[in-house]
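**Q** Make a model of this:
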Amino acid sequence: MSSDRDLRLKESDYDFAILHPALRRLFGASDLYNYGYWRSADGGQITTLPEAAARLVQLHVETDQGRGNTRTLLDVGCGLGACTGLFAAAYPEAEITGINYSARQIAHAERHHAGPRITFRQMDATALDFPDQSIDCIHAVEAAMHFHPRRRFFEEARRVLVPGGRLILTDVLARRPTTFIPAANSEASISEYARTLVETGLQPLEITDILDDTATPFATVMHANAMHAYGRAIEEDVSGYLLVLAVNGSATSNVS
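**A** The predicted structure follows:
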């Protein structure tokens, strides 16, 4: 049986997943990598993976009602850097830092997406190299399920966020440990997930399961492109796909 340490996603595994030629063809020139949000702003159905992947980042932005007052923002698990660029466009007054533990992906992001307000740093999400109360907003697009453990990332997010600062995530719940979700991240329901946030000092304001508009259509795309093992793994292992808004401090919650 694999140990929890064995289930930690290695840097080489992460690079293989994101940089796999077949997946890069599906995502096209977008430099994005996520399941996508397959519902447009007007409620229509999105039909292409690059558009759905960009729409997921837009959903993150729409979830943040405080973005007009944001001066410092972290994109945690920034991948190849494209979503960091999208955040920079949506937060025109903010200094944006994208972090990732893959040196190869950070090098790509620096070549293609760095700018006057955008920097990239190689960093472990469970050991954020930022001062206490120095960040207004943290986004983590479909990444926190990999962090070992996710709870430690929540603790670090609370530490670096200013009072009232926002943490916005899309995150995955799994039926069992997998090669990409360690056993330490064992929250199996929205209530368990919310309890972990509270125990680490964060106040969940909204947690919504959007599985049917994210992982489910992505699995269909994988099958349609003969990536059946990937599609089956999502169908068998992923039990929920959460859109999460939490703050550093007390506030009114809307969590079921």
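
**Q** okay, CA-based contacts and neighbour counts for the rest of this
**A** Noted.

**Q** Can you name every helix or strand that the one helix or strand Leu243 maps to contacts?
**A** Leu243 is part of strand 238-247 when elements are defined by DSSP states H and E. Secondary-structure packing of strand 238-247 (3 or more Cα pairs under 8 Å, 6 or more residues apart in numbering; DSSP states H and E): strand 161-174, strand 203-209.

**Q** Quick one: mean pLDDT for that strand?
**A** Averaging pLDDT along strand 238-247 gives 98.

**Q** related to what we said a few turns ago, mind putting the helices and strands packed on strand 238-247 in a markdown table, mean neighbour count included?
**A** Below are the helices and strands packed on strand 238-247 laid out as a markdown table (neighbours: other Cα atoms under 10 Å):
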| stretch | mean neighbour count |
| --- | --- |
| strand 161-174 | 23 |
| strand 203-209 | 21 |
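
**Q** mind putting those strands in a markdown table, mean pLDDT and distance to Ala17 included?
**A** Supplementary listing: the helices and strands packed on strand 238-247 in a markdown table, determined by pLDDT from 0 to 100; distance: least, Cα to Cα, whole Å:
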| stretch | mean pLDDT | distance to Ala17 |
| --- | --- | --- |
| strand 161-174 | 98 | 16 |
| strand 203-209 | 98 | 24 |
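
**Q** Let me have the ones you listed in CSV, adding distance to Trp38 as columns.
**A** Listed next are the helices and strands packed on strand 238-247 as CSV, based on distance: least, Cα to Cα, whole Å:
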stretch, distance to Trp38
strand 161-174, 14
strand 203-209, 14
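
**Q** Among these, which comes closest to Glu192?
**A** Across these, Glu192 has its closest neighbour in strand 161-174 (10.4 Å, Cα to Cα).

**Q** partners of the closest one in the sheet?
**A** In the sheet, strand 161-174 lines up against strand 135-141 (parallel), strand 238-247 (antiparallel) (DSSP bridges).

**Q** now Thr170: how far from Ala127?
**A** Per Cα to Cα, to the nearest Å, Thr170 is found 20 Å from Ala127.

**Q** what does Ala88 give?
**A** Plainly put, Ala88 is 23 Å away from Ala127 if you go by Cα to Cα.

**Q** More neighbours: those two, which one.
**A** Shown here are Ala88 and Ala127; by other Cα atoms under 10 Å, Ala88 has more neighbours (20 against 12).
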